[in-house]
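Q: requesting a structural model of the entry that follows:
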Amino acid sequence: VQLVESGGGLVQPGGSLRLSCAASGFTFSSYAMGWARQVPGKGLEWVSGIYSDGSTYYLDSVKGRFTISRDNAKNTANLQMNSLKPEDTAVYYCTKYYSGTYRSPYVYDYWGQGTQVTVSS
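A: Now for the predicted structure:
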C-alpha cells in the first residue's frame, strides 16, 4: 500500500488549496479514505472521511469550507480547502481505513508521508 499526498503549500488567509492523494497497492474503490492533520507539538486531528459509497464526513470546524472527494477510476482522494484560516496550518495526511466504512475515524491502517499546508499573510 502506498499513499502519496500532494498539493500543499503557502496560502494567504481566505485562499484555497486542493490536496490530492495518489493511492496504490489495494483495491481503492473498496475502502474508506480520509484526511487528518497535525500541528507540531499537538496530536493528530481527523479532518474528513469518505466511505466507499461516497458518503462524506467532516470535522465541525471545516464544514462548509472543505470538500472531500474520490475518483475511483484514478485511485485518488482529494480535499478541496476553501476560505482557509491560519488555524488550518498543519501537516495533512491521507489515510486509508480497514474497510469501506469506519466506526472510529482514528482507526486506519495506512497513512501517507504528509504535505505541509501553511496559511499566513
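
Q: helix or strand for the most centrally placed residue in the chain, just tell me which one.
A: Closest residue to the average C-alpha location of the chain: W35 at 2.4 Å, with C-alpha atoms, centre = their mean. Element membership for W35 (DSSP states H and E) is strand 33-38.

Q: tell me which residues are up against stretch 1-11.
A: With contacts defined as C-beta atoms under 8 Å, 6 or more residues apart in numbering, stretch 1-11 is touched by 17-26, 84, 92-96, 109-120. Every C-beta, even on glycine, is put in place using the N, C-alpha and C of the backbone.

Q: pairing partners for the helix-or-strand element of the chain with minimal mean pLDDT, with directions?
A: Least confident helix or strand of the chain, by mean pLDDT, DSSP states H and E, is strand 108-111 with a mean of 93. Taking DSSP bridges as the criterion, strand 108-111 forms sheet pairs with strand 90-97 (antiparallel).

Q: could you check the angle the partner strand makes with strand 33-38?
A: Orientation note: strand 90-97 sits at an angle of 150 degrees relative to strand 33-38 (axes from the mean of the first three to the mean of the last three C-alpha atoms, to 10 degrees).
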